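Undergrad: Okay, predicted coordinates and the sequence, questions at the end:
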Amino acid sequence: MGSSSFFAILFSFFIIFQLSYSIPFIVLHDGNELSTFYDIGFVVIHMEGSMISALYHILGELIRGILVFMYYVVNLSSFSAVTWAGIGDQCSNKGVKQFTGLLRNFSNSEGYCIEVGDGTWDSWFIPMKEQAEIVCNKVKEMEELRGGYNIVGLSQGNLIGRGVVEFCDGGPPVKNFVSLAGPHAGTASVPLCGSGVFCIIADNLIKSPIYSDYVQTHLAPSGYLKLPNDIPKYLEKCRFLPKLNNELPDERNSTYKERFSSLENLVLIKFEQDTVLIPKETSWFGYYPDGAFQPVLPPQKTKLYTEDWIGLKTLDEAGRVKYISVGGNHLGISQSDMKQYVAPYLEEKASAEVITRYSS
């Protein structure tokens, strides 16, 4: 092979290498750019003659490997923001838009809103496990989240978010979880819905036997109502929280614990004047002892923590749990507290916010 052919090969490989090295700027767009790159690569090689074309398959595999590698490197360092509305709310409502917009401004992340069904109605009447499955399927379809994302949960939305973390097979990884007023250990009371036709239905269901099959199937909050004086019925009939918290002795799932304890940070924000969550300490995984409505146990004194059912103790001992208390009633967070306690976990390496919404 002459020197001219040798330098032609080197030149062709140099061009191919440069094109493949610039992939970080290409794969951030759509797949058509990748097919254009392959066409250009082939033409460059093919123009040099049959000897070079013989190397095409080898170089093609090298390029393919570089493309795959660079695709995942790029996606691990670029993230988006996602919002989904929770109980009694929907993506188009002013409150959801405003909260998402503030976080977008504070964290410089793009925001998306994922609706569960038709929003308001379905947030009350689709069982919690099914809501988590809907969100799981949607986040798996979002290319923007492939490299990972963060969750900012609001009240009931925290449980949907945790359902995605623990139950969602094949979903993108969750990096940081910031929880505002989450009923993580359950609640001993479900707030009445309010006025309107669907609220009349919801309020009547709340006043019905809460652990009956009918209510568990048709009222979302029943899935995390934990009555301390009826723990056996709760463990037997409640269809969401006992599974989410790995409370069932014969059904504890190590995968749920592994996924939850893989979080980089868990930020638990409690509202000092919270009158919606009973007790308010459930925001920190604190709760009543079985069989009594007093005293309220701190999270470190509960069996969920001491026996490490979901990995909370593992996270805490690794310094990855932040217990934060702010003033205000349920979800009454100020912008200054948002900047201080929420935004830092959405910046830089913190991926994308998935904001879950709950309205009482």
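TA: Yes, it's here.

Undergrad: Give me the buried positions along stretch 282-297.
TA: T282, S283, W284, F285, G286, Y287, Y288, V296, L297 (16 or more other C-beta atoms under 10 Å). Yep, even glycine has a C-beta here, placed from its N, CA and C like the rest.

Undergrad: Actually, stretch 259-269.
TA: Across stretch 259-269, burial judged by 16+ other C-beta under 10 Å covers R259, F260, S261, L263, E264, N265, L266, V267, L268, I269.

Undergrad: Poorly predicted segments of the chain, please.
TA: Scanning the chain with the threshold set as pLDDT under 70 gives 1-91, 110-113, 119, 192, 194-195, 198, 348-360.

Undergrad: ok, back up a step: now the buried residues of stretch 282-297 in JSON lines, with distance to N158?
TA: Shown next, in JSON lines, are the buried residues of stretch 282-297 (distance: C-beta to C-beta, whole Å):
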{"residue": "T282", "distance to N158": "10"}
{"residue": "S283", "distance to N158": "9"}
{"residue": "W284", "distance to N158": "12"}
{"residue": "F285", "distance to N158": "11"}
{"residue": "G286", "distance to N158": "15"}
{"residue": "Y287", "distance to N158": "15"}
{"residue": "Y288", "distance to N158": "19"}
{"residue": "V296", "distance to N158": "19"}
{"residue": "L297", "distance to N158": "19"}
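
Undergrad: Among the residues you listed, which one sits closest to N245?
TA: For the buried residues of stretch 282-297, the closest approach to N245 (C-beta to C-beta) belongs to F285, at 8.7 Å.

Undergrad: ok, the closest one - contacts?
TA: H184, A185, L268, P299, T302, L304, Y305, L312 (C-beta atoms under 8 Å, 6 or more residues apart in numbering).

Undergrad: follow-up on the earlier one: which of the buried residues of stretch 259-269 fall in strands?
TA: Filtering the buried residues of stretch 259-269 for membership in strands, criterion DSSP state E, returns N265, L266, V267, L268, I269.

Undergrad: Surely L346 and R104 touch.
TA: No. Taking contacts as C-beta atoms under 8 Å, L346 lies outside contact range of R104: 9.3 Å.
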